[in-house]
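Participant: Give me the fold of what follows.
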Amino acid sequence: ADIPGTYPTALNAYNKVTFSTAVSTTRLRAVLQSGAGSVGLLEMKAFIADPPGGGSGWSPPANLVTPLNEVWQHVESTYPNLYGFRNYGWDQVMANGGSINYCVRWDTTATVTAAQRDQIHATLARQFKKWMDLMAGHNGWPYASVPVKVVGWAVRDRAQLQWSDNSVDIYVNNIRENAPQCSEPCGRFFNQSGNYPNCPGGASHHYDMSLWLTAGFGGGAGGDWGQRIGSEYYMSNLNTDNVHILLHEMGHSFGLDDFYDWTPTGVCCFLMKAGSASSITDFDAWMFRDWWRHLKSRYGL
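Facilitator: Numbers count the residues shown, from 1 in each chain. Below you'll find the model as predicted:
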């Protein structure tokens, strides 16, 4: 703050604190000290200053500039259709006007209660939010939040799904890749024009990605089609803060690469370098934002 360690404490009023030097952060914490009396906090506001660089929002920490440039050069040299491809997670969110639809591929013989179904949705939404929160207020990103909706479930046997309500569409014994598949006419992977003329129920029932939960599956896979991880792993982490394999695979859905055979200069441990971090790091966050920086013009932003 302007006077380190000194903060105003007027009652029933906002007490303004400013920073004498620029601070870049993804979160704020208020630590209250009661002293001899009680203490309370009714509301806190954070005002974001215009970012440097003419308001572009692209202001990574100085120590990350070189590795970020190396990553993007690697992306451009590795993927020749980088700018022509139109089904990244970015494209899906923008096509929906700020939301994302999922269908669950239940690739296991286990049963699912309605409560578990809702927990699976909540966990998915919580992990997806961790990536989307990195973009809120950043570099022209137009959405404060990106709701996640699960619109369908695919299963081999309807009896595995122990609910009778119609809150999600149910697809039974439609097998693709030896696993239950949600309706292809409703999937964006199969209809990248964004039109769903043959989707039962219409475009509102379409899904952008699949959450593919496979019994006995180790590790994970991810792409524009969604994410695949072990069903046992997922179900045992319903209340885990960072479901790191799922977070990693979500990164792939937005274009982030793996780092099996090289490491950018000056960084060692981050989520997209599998096994080296269990949550989204600052470097992951800026790699993510770098994709938006290079693709935002396709949306007229």
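Participant: in the stretch 1-150 of the chain, which spans are strands?
Facilitator: 100-107, 112-113, 148-155 (DSSP state E, counting those that start in this stretch).
Participant: again but with the stretch 151-300 of the chain, I slipped
Facilitator: 161-162, 169-172, 175-176, 179-180, 209-214, 220-223, 226-230.
Participant: Between the ones you listed, which one is closest to Met272.
Facilitator: Ranking those by proximity to Met272 (Cβ to Cβ) places strand 220-223 first, at 10.5 Å. C-beta coordinates here come from the backbone N, C-alpha and C atoms, glycine included.
Participant: Just the buried residues of that closest one, please?
Facilitator: By 16 or more other Cβ atoms under 10 Å, the buried positions in strand 220-223 come out as Gly220, Gly222, Gly223.
Participant: cool, and stretch 289-300?
Facilitator: For stretch 289-300, by 16+ other Cβ under 10 Å, it's Arg289, Asp290, Trp291, Trp292, Arg293, His294, Leu295, Lys296.
Participant: tell me the contacts of Ala221?
Facilitator: Gln227, Arg228, Ile229, Glu249, His252 (Cβ atoms under 8 Å, 6 or more residues apart in numbering).
Participant: likewise Trp141?
Facilitator: Met135, Trp292, Lys296.
Participant: can we see that at 7 Å?
Facilitator: Neighbouring residues of Trp141 by Cβ atoms under 7 Å, 6 or more residues apart in numbering: Met135, Trp292.
Participant: Looking at it now. What's its pLDDT?
Facilitator: Listed pLDDT for Trp141 reads 97.
Participant: next one: the one 5 residues further on
Facilitator: The confidence metric pLDDT takes the value 98 at Val146.
Participant: distance of the closest residue to it other than its chain neighbours from Arg298?
Facilitator: With Cβ to Cβ, 6 or more residues apart in numbering as the criterion, Val146 has its nearest non-adjacent residue at 4.3 Å, and that residue is Met132. Separation of Met132 from Arg298 (Cβ to Cβ, to the nearest Å): 19 Å.
Participant: still on that earlier bit, can you check which of the strands of the stretch 151-300 of the chain gets nearest to Asn69?
Facilitator: strand 220-223 (24.4 Å).
Participant: Give the partner strands of the closest one in its sheet and their orientations.
Facilitator: Partners of strand 220-223 in the sheet, by DSSP bridges, are strand 226-230 (antiparallel).
Participant: hmm, who's touching the strand it pairs with?
Facilitator: 209-214, 216-218, 220-221, 245-246, 249-250, 253.
Participant: where does the stretch 1-150 of the chain dip in pLDDT?
Facilitator: By pLDDT under 70, the low-scoring segments of the stretch 1-150 of the chain are 1-8, 10-28, 35-37, 42-56.
Participant: now with 80?
Facilitator: The model of the stretch 1-150 of the chain has pLDDT under 80 over residues 1-56.
Participant: which residues in the stretch 1-150 of the chain form helices?
Facilitator: 62-78, 89-95, 114-132 (DSSP state H, counting those that start in this stretch).
Participant: Name the nearest residue to Asp241, sequence neighbours excluded.
Facilitator: Using Cβ to Cβ, 6+ apart, the nearest residue to Asp241 is Ser279, at 7.8 Å.
Participant: what residues are up against the one you found?
Facilitator: Asn242, His244, Leu271.
Participant: Could you identify which of the residues you listed has the most neighbours?
Facilitator: Highest neighbour count within the contacts of Ser279: Leu271, with 26 neighbours (other Cβ atoms under 10 Å).
Participant: any idea how far Phe217 is from Ala274?
Facilitator: Noted for Ala274: a distance of 15 Å to Phe217, by Cβ to Cβ.
Participant: Give me the neighbour count for the nearest residue to Gly140 once chain neighbours are set aside.
Facilitator: Nearest non-adjacent residue to Gly140, counting by Cβ to Cβ, 6+ apart: Leu301, 4.8 Å away. By other Cβ under 10 Å, the residues close to Leu301 number 12.
Participant: try Asn87
Facilitator: When neighbours are counted by other Cβ under 10 Å, Asn87 comes out with 18.
Participant: repeat for Gly84
Facilitator: Gly84 has 7 nearby residues by other Cβ under 10 Å.
Participant: Now it: phi and psi?
Facilitator: When quoted as degrees, to the nearest 10, the phi and psi of Gly84 stand at phi -90, psi -20.
Participant: any idea how far Leu295 is from it?
Facilitator: 11 Å.
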